[in-house]
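Peer 1: Fold the following.
(one chain, ligands or ions: 1)
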Amino acid sequence: MQKQPLLLTTGEPAGIGMDVVLILAQENKLQGFGRPIWVTADAEAMQARAEQLIAAGVLQSCPSWQIVDAQAEATDFVEAVAQQSGEDASANTNDFILLDVPCGAPVIAGQIDINNAIMVAQQLEIAHKLAVTHNVAAIVTGPLQKSALIDADIKLLDGTMFSGHTEFFMQQSGCDKVVMMLANQAMKVALVTTHLALRDVPAAITKDNVRQTVQIVLDDMQSKFGLKNPRILVCGLNPHAGEGGHLGMEEIDIINPVLQEFIVKGADISEAMPADTLFTPRHLSDCDAVIAMFHDQGLPVLKSHGFGDTVNLTLGLPYIRTSVDHGTALDLAGRGDASATSLYQALVMADEMASKALAD
Ligand SMILES: N[C@H](C(=O)O)[C@H](O)COP(=O)(O)O
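Peer 2: Numbering: from 1, shown residues only. Modelled structure (predicted):
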C-alpha cells in the first residue's frame, strides 16, 4: 500500500524555502522515503527559482514536479488534492507534487513583499487541513518571515499577533497548549515558554504551564519517539536554580512542587537544576530530553551543538509537525549557497515518527 505523503511548506517565497527543496530533489533525497512528497509553493516562482539555481550552477537540470491546483475551496480542495495526488502517486516519477498556492505579487529572491504574506498563511492553512484530516502523515515546514506576516496584519485565530508556526498550528488544532522541542544528535530540548518577551517569562511560569509541558513531553516521548520511560532533566528559571530561594522563588513555589507530582507517580524526571551546569556532557549523557523554561535558555546551547542539523518539532498537536532550525536567509535565496541539511533532517524525523505512530 502507498504510504501517506509528507507535506512540506516552502514558507516565505523570497527566502530559501524553495531553494532547499530543489537542492534535495537534485540530490535524490526526496525520493528515498517511500512516500510521496507534497510541496506547497507558487508554481511560477518555483520554476523561476529553479532557473536561477541552474544559472548559478547549483542545479544541473530542473527537478520534475506535478502541479496540483490548490486554489479550490477548502473542503473540495482537501479531497481533490488527496484524490488526484494519491491516484497519480503510485506511478509518479516526479520528484515531488507541487500544490500551487499563487503569490499576490511577483517573487524576487531576497526581497520580502508583504503582499505575499497571505500566500504564506494559506500554505499553513492547507497543511493543517491535510494533516488534521489524515491526508498527509506529517507536516514539515520551511522558514517564514514572522515580521512579514505581522506587518501584513495576519493574525492568529484568537486575534493575537502571528508569533510562529507553533502557535498557529496550536490554535488551528484547538489545543490549549503545545510544546516546542528542538532536537539534534547532541540533545533534545523542550520549552515551557516559546515566543515571549523575556520580561513576560516569569509570569508565564505557572504550575499549570509547567505541568502541561511535562505531561506533553512525557506523552510524546513515548508515542512519537517510542521511549517507554524517558529520563527528563528540567532547568530552573533563576541562576543556580534559585540558590535555595536567595535568587528567586519560582523553583520552590512553582516548578519543584509540580515536578514532585510526576516523581511521586513514577516518572523519571529531575527537580529544577541549574541550567548552566545541566547542559554538560555528564548530565546530557544521562537523559532523553531537557525541559528549559524559556526560548534562549535552551536553544542557544542546542544550536551551538549542531546548527544546520537541528529539527524543530511541535509536541502535543493531533498530528506530526517538524521544521527546519533556520530562518529565511534572504541573502542566500536564489544563489545556491543555502544548506538543505536541516530540511532533510526534518523530513527524516517526520518520516520516522510517522512510521512509529503507525507501528504503534
Ligand atoms: N523558535 C524556533 C527556532 O528557534 O527554530 C523558530 O523561531 C521557529 O518557530 P516556529 O516553528 O513556531 O515558527
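Peer 1: per-residue pLDDT, residue 358?
Peer 2: We note a pLDDT of 58 for residue 358 in this prediction.
Peer 1: excluding its backbone neighbours, what's nearest the residue of the chain found nearest the ligand?
Peer 2: Among all residues of the chain, residue 164 sits closest to the ligand, at 2.7 Å; criterion: Cβ to the nearest ligand atom. The way it works is simple: take the backbone N, C-alpha and C, and place the C-beta from them, glycine included. Spatial nearest neighbour of residue 164, chain neighbours left out: residue 195 (5.2 Å); criterion: Cβ to Cβ, 6 or more residues apart in numbering.
Peer 1: got it, and residue 347?
Peer 2: Leaving aside its sequence neighbours, residue 347 sits nearest to residue 140 (Cβ to Cβ, 6+ apart; 5.5 Å).
Peer 1: Am I right that residue 93 sits in a strand?
Peer 2: No - using DSSP: H, G, I helix; E, B strand; the rest coil, the secondary structure at residue 93 is coil, not a strand.
Peer 1: Quick one: residues contacting it.
Peer 2: residue 64 (Cβ atoms under 8 Å, 6 or more residues apart in numbering).
Peer 1: Get me the contact residues on the stretch 151-300 of the chain for the ligand.
Peer 2: Counting by Cβ under 6 Å from any ligand atom, the stretch 151-300 of the chain comes close to the ligand at 164, 165, 166, 299.
Peer 1: still on that earlier bit, show me what contacts the residue nearest to residue 164?
Peer 2: For residue 195, the contacting residues are 163, 164, 166, 167, 295, by Cβ under 8 Å, 6+ apart.
Peer 1: In the stretch 101-250 of the chain, what residue spans correspond to strands?
Peer 2: For the stretch 101-250 of the chain, the strands defined by DSSP state E, counting those that start in this stretch cover 138-141, 179-183, 188-191, 231-235.
Peer 1: Kindly present those as CSV, with separate columns for mean pLDDT.
Peer 2: Formatted as CSV, those follow (pLDDT from 0 to 100):
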stretch, mean pLDDT
strand 138-141, 98
strand 179-183, 96
strand 188-191, 97
strand 231-235, 98
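Peer 1: ranges for the helices of this protein?
Peer 2: 17-26, 43-55, 74-89, 117-132, 146-151, 165-172, 201-204, 207-223, 250, 256-264, 275-278, 281-284, 295-304, 341-359 (DSSP state H).
Peer 1: Worst mean pLDDT across the helices and strands of the protein, which element?
Peer 2: Within the chain, confidence by mean pLDDT, DSSP states H and E is lowest for helix 74-89 among all helices and strands, at a mean of 58.
Peer 1: so who does residue 158 touch?
Peer 2: With contacts defined as Cβ under 8 Å, 6+ apart, residue 158 is in contact with residue 171.
Peer 1: From residue 286, how far out is it?
Peer 2: Distance, residue 158 to residue 286, by Cβ to Cβ, to the nearest Å: 40 Å.
Peer 1: before we move on, the earlier item: I'd like the residues of the stretch 151-300 of the chain next to the ligand laid out as a markdown table, including neighbour count, pLDDT and distance to residue 39.
Peer 2: Formatted as a markdown table, these follow (neighbours: other Cβ atoms under 10 Å; pLDDT from 0 to 100; distance: Cβ to Cβ, whole Å):
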| residue | neighbour count | pLDDT | distance to residue 39 |
| --- | --- | --- | --- |
| 164 | 19 | 92 | 21 |
| 165 | 23 | 95 | 16 |
| 166 | 24 | 93 | 21 |
| 299 | 20 | 95 | 27 |
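Peer 1: Single out the most deeply packed of the strands of the stretch 101-250 of the chain.
Peer 2: strand 138-141 (a mean of 28; mean count of other Cβ atoms under 10 Å).
Peer 1: packing partners for that strand?
Peer 2: For strand 138-141, the elements it packs on are strand 6-9, helix 117-132, strand 320-324, helix 341-359, judged by 3 or more Cβ pairs under 8 Å, 6 or more residues apart in numbering; DSSP states H and E.
Peer 1: rerun that using 10 Å as the cut-off
Peer 2: strand 6-9, strand 37-41, helix 117-132, helix 165-172, strand 311-315, strand 320-324, helix 341-359 (3 or more Cβ pairs under 10 Å, 6 or more residues apart in numbering; DSSP states H and E).
Peer 1: So in that sheet, which strands flank it, and in what orientation?
Peer 2: Using DSSP bridges, strand 138-141 pairs in its sheet with strand 6-9 (parallel), strand 320-324 (parallel).
Peer 1: May I have it as PDB, with CA atoms only?
Peer 2: Only the C-alpha atoms of strand 138-141 are listed here, as PDB (Å, rounded to 0.1, in the frame of the first residue of the first chain):
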ATOM      1  CA  ALA A 138       3.100  14.800   8.700                       C
ATOM      2  CA  ILE A 139       3.800  18.500   8.100                       C
ATOM      3  CA  VAL A 140       7.400  19.600   7.600                       C
ATOM      4  CA  THR A 141       7.700  23.400   7.500                       C
END
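Peer 1: Please compute how far that strand lies from its chain's middle.
Peer 2: 7 Å (Cα atoms, centre = their mean, to the nearest Å).
Peer 1: Same question for stretch 280-289.
Peer 2: 23 Å.
Peer 1: next one: stretch 52-72
Peer 2: Counting by Cα atoms, centre = their mean, stretch 52-72 comes out at 23 Å from the chain centroid.
Peer 1: again with stretch 48-62
Peer 2: Relative to its chain's centre, stretch 48-62 lies at 27 Å (Cα atoms, centre = their mean).
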